[in-house]
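Asks: got a predicted structure here, sequence first:
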Amino acid sequence: MYLKKELYGLIRTDESIFDFIQESALDGLWYWDLENPENEWMNAKFWTVLGYNPDEMPHKSSAWQDIINQDDMKLAMENFTKHCENPNHPYDQVVRYTHKNSSTVWIRCRGMAIRDKNGKAIRMLGAHQDVSDIKRNEHELIRAKEKAEASEEKYSELIENMTNAVAIFQAVDDGEGFVFKDFNKAGEKIENIKREELIGRKVTEMFPAVKEFGLFKVFQEVWKTGEPQYYPVVMYKDNRITSWEDNYVYKLSSGEIVSVYEDITRRKQAEEQLQKAKDALQTISDNMLDLVAITDLKGNFKFASSSHKILGFEIEYIIGKNVMDFLHPDDLPEVQAKFAGFITNPKSSGNATYRGRCADGSYLWFETFGTLISDNDGNPKEILFNTRDITERKRAEESILELKEFNESIVTNLAEGVILENDDGIIQFANPAMLKMLGYKESELVGEHWNCFVPEDQIEVVKNANKRREKGESDQYELELVRKDGERIFVLVGGVPNVNKGVYTGLLAAFTDITRRKRAEKELHKSNQRLESLLEISQKVTSTIDKDTIMQMIVDNATRLIGLDTGAIYMKNDAETISLSAITPVLPNNFPDDLRIANLKHHPHLNKALRSGKHVLMEDALSAKLTSEEKKIADLRKLRTIIY
């Protein structure tokens, strides 16, 4: 081409042409003497790009070596060596220079070695190109990419955790088909299918009724026009699922189609059921004892069943009034607070117990349950109230409470000690008598284990008794306890299991202090031993003294010795009968002769003593279970405590 030859000729003959090229096309030009490496020529633009005055800068290679990044210089020198050794190895790299203002300038540095006839590199011609803007753009692109990736991650996380179902589709076959690209957790739950089963499959394959459903056409229109569409509530049904759904479909900038939808099957079913209920409400309410009403969201009556006449008002009078107009003043603040909470938070409790005013000024107790009625869009519009007259129940509860308080009063004032334990043996309750018996304060005993007042040698007795309670058995047994002050006492324990809904939860035990009785029995035993000695002596003198005299002497002295008020000696006639031999004091005149001879089968307590050889103690003859013959003798002799 002649123009190329012409230009090259001008460059050789006209320096201005060369100056124009190097100033206009390059950001620096250098020419290096490799035989004298300290000498290097740099044109003016080499320095102005780096912020330096060319007139002040020497044509020395050391001038630029101080301002180049040292890591980049190492790379440049490695390439320089390789290029000098092999012309085919390019000398081309991007290096960083420090501008005079301390900023970084990115320079693309290219060069070619000029060689002698032997191929040795003797000169190096190089050119600079400022690529700082390109590098800055690269960094911006990297940051933008990282930001986009972070944004995409947040977007994906948002979609995954949405309560609404989200499905993303890729159009195929020029919009004649749509393939699943993503599907969130809410969608899996609504459609009862796993994401893995959908990804890569056509929507018509997985949801065969989608065209009949009408949604497929919406997908196509949105994909073609890019305009989002709302597809209102329609029932979808195929061989696998049936559901009511509303869909919002839009197109992403990437060309994908997104469908956001909600399964409102339950809401639709509830609306249908509610509508049926409302249609039948009048008929049902007229035959109900409960009070049924519908109000607006402020509580103004719109409907009231005929059962509201229990208040004494005509239904026409009630309509339009507010429910709060009929409340007892003391109950009004609490009910108003519950009503406000129910309206603002439908999930809160919609029930209340209160007193309702009657036309005559009296009050009845009512329990009311509220339910929000929604319109077709799911917005609350009315309240359904179901109210029950619980006046009799309240009176019964008050009676039960009074009875409970009465029973607690009895337990509190019982002379016997009472303890309630849980199934771990921890004391839950102790009445004042029990606290006094053991010498503890309530705070010292309640919450403690029963072994705190049971001596070591008695623990096995209690454990065996507790096992019987766990089996559902009730009984009595004697036990020794230790008071807080260390004194041991004797008690008679009556234990019963505490069972709640068939589950053993602990026991209730009553304690009677029998320490005096046990001590008396001990003294009685000693007296019996003395009496037996006397009887032995008497047997020795019966041969020389009148028998009746001896018996009377024995009973008089024995009664006095034991410390009793009265005593008697019976002599055994045969295996079935006994006769009164001596008595003190003298029997009253009206004492029947037929009671002087007793049949043992009519005197079981005396018979028991004879057969066992052990005394039988009856502490209270008035409350004891006696035969008619035993009772006659006790009444005639005015006996209270009897020892056989």
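Replies: Received the coordinates, thanks.

Asks: ends of stretch 295-305, how far apart?
Replies: 12 Å (C-alpha to C-alpha, to the nearest Å).

Asks: going by neighbour count, list what's buried in stretch 480-493.
Replies: Buried residues in stretch 480-493, counted by 16 or more other C-beta atoms under 10 Å: 481-482, 489-493. Every C-beta, even on glycine, is put in place using the N, C-alpha and C of the backbone.

Asks: now swap in stretch 290-302 and tell me
Replies: Buried, per 16+ other C-beta under 10 Å, within stretch 290-302: 290-295, 299, 301.

Asks: before we move on, what about stretch 634-644?
Replies: 634, 637, 639, 642-644.

Asks: check which residues of stretch 430-446 are buried.
Replies: Of all the residues in stretch 430-446, those buried under the rule 16+ other C-beta under 10 Å are 430-431, 433-435, 437-440, 445-446.

Asks: same check on stretch 83-103?
Replies: In stretch 83-103, counting by 16+ other C-beta under 10 Å, buried: 83-84, 91, 93, 95-97.

Asks: ok, of the residues you listed, which one's closest to H328?
Replies: R96 (86.9 Å; C-beta to C-beta).

Asks: picking that back up, so which of the buried residues of stretch 430-446 are in helices?
Replies: In helices, defined here by DSSP state H, the members of the buried residues of stretch 430-446 are 433-435, 437-438, 445.

Asks: count of neighbours near the closest residue in space to N101 that isn't next to it in sequence?
Replies: In space, and not counting its chain neighbours, N101 is closest to G51: 5.8 Å by C-beta to C-beta, 6 or more residues apart in numbering. Using other C-beta atoms under 10 Å, G51 is surrounded by 15 other residues.

Asks: may I ask which two of the buried residues of stretch 290-302 are separated the most?
Replies: Farthest pair in the buried residues of stretch 290-302, by C-beta to C-beta: D290 and G299, 18.4 Å.

Asks: show me the helices in the stretch 1-150 of the chain, by range?
Replies: 2-13, 15-25, 44-48, 61-65, 70-85, 132-160 (DSSP state H, counting those that start in this stretch).

Asks: pLDDT on the fourth one, on average?
Replies: If I follow you right, that is helix 61-65. Averaging pLDDT along helix 61-65 yields 91.

Asks: okay, buried residues for it please.
Replies: 61, 64.

Asks: repeat that for the fifth one.
Replies: Residues of helix 70-85 classed as buried by neighbour count (16+ other C-beta under 10 Å): 72-73, 76, 79-80, 83-84.

Asks: for the buried residues of stretch 290-302, give me JSON lines that also has secondary structure and distance to G361.
Replies: Converted to JSON lines, the buried residues of stretch 290-302 look like this (DSSP: H, G, I helix; E, B strand; the rest coil; distance: C-beta to C-beta, whole Å):
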{"residue": "D290", "secondary structure": "coil", "distance to G361": "24"}
{"residue": "L291", "secondary structure": "strand", "distance to G361": "19"}
{"residue": "V292", "secondary structure": "strand", "distance to G361": "25"}
{"residue": "A293", "secondary structure": "strand", "distance to G361": "22"}
{"residue": "I294", "secondary structure": "strand", "distance to G361": "27"}
{"residue": "T295", "secondary structure": "strand", "distance to G361": "24"}
{"residue": "G299", "secondary structure": "coil", "distance to G361": "22"}
{"residue": "F301", "secondary structure": "strand", "distance to G361": "20"}
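
Asks: can I get the residues you listed in CSV including pLDDT and distance to V222?
Replies: Shown next, in CSV, are the buried residues of stretch 290-302 (pLDDT from 0 to 100; distance: C-beta to C-beta, whole Å):
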residue, pLDDT, distance to V222
D290, 81, 51
L291, 87, 52
V292, 86, 47
A293, 89, 47
I294, 90, 42
T295, 92, 43
G299, 92, 45
F301, 93, 48
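
Asks: what sits against the closest residue to D27 other than its chain neighbours?
Replies: Spatial nearest neighbour of D27, excluding adjacent residues (C-beta to C-beta, 6+ apart): D130 at 4.3 Å. Neighbour list for D130: 27, 49, 105-107 [criterion: C-beta atoms under 8 Å, 6 or more residues apart in numbering].

Asks: could you work out the end-to-end span of stretch 323-333 for me?
Replies: Distance between the two ends of stretch 323-333: 13 Å, counting by C-alpha to C-alpha.

Asks: quick revisit: sort out which one of the buried residues of stretch 634-644 lies nearest L587 for me.
Replies: Using C-beta to C-beta, these come closest to L587 at R637, 7.8 Å.

Asks: show me what contacts the spatially closest residue to W450 that is not a sequence neighbour?
Replies: Spatial nearest neighbour of W450, chain neighbours left out: G425 (5.1 Å); criterion: C-beta to C-beta, 6+ apart. Applying C-beta under 8 Å, 6+ apart to G425 gives the contacts 449-451, 466.

Asks: so how far is Y31 from the residue nearest to A121 when sequence neighbours are not counted?
Replies: The shortest distance from A121 to any non-neighbouring residue, by C-beta to C-beta, 6+ apart, is to A113 (3.7 Å). Using C-beta to C-beta, to the nearest Å, we find A113 at a distance of 12 Å from Y31.

Asks: look at the two and report which has more neighbours.
Replies: A113 (20 against 16).

Asks: want to throw the contacts of D130 into TSV with distance to Q476?
Replies: Supplementary listing: the contacts of D130 in TSV, determined by distance: C-beta to C-beta, whole Å:
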residue	distance to Q476
D27	114
V49	113
V105	106
W106	103
I107	109
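
Asks: quick one: which of the residues you listed sit in strands?
Replies: Among these, the residues falling in strands (DSSP state E) are 105-107.

Asks: go through these and name the one nearest R519.
Replies: Nearest member of the ones in strands among the contacts of D130 to R519, counting by C-beta to C-beta, is W106, at 111.9 Å.

Asks: which residues touch that closest one?
Replies: So W106 contacts 94-96, 130-132, 134-135 (C-beta under 8 Å, 6+ apart).

Asks: how many residues are close by the nearest residue to D290 once chain neighbours are set aside?
Replies: Once flanking residues are discounted, D290 sits nearest to R388: 5.1 Å by C-beta to C-beta, 6+ apart. For R388, the neighbour count with other C-beta under 10 Å is 17.

Asks: wait, R388 sits on E367?
Replies: Yes - contact criterion C-beta atoms under 8 Å: R388 and E367 qualify, at 5.1 Å.

Asks: for the stretch 351-500 of the chain, which segments count as helices?
Replies: According to DSSP H, counting those that start in this stretch, the helices that the stretch 351-500 of the chain contains are 391-413, 432-438, 442-445, 459-470.
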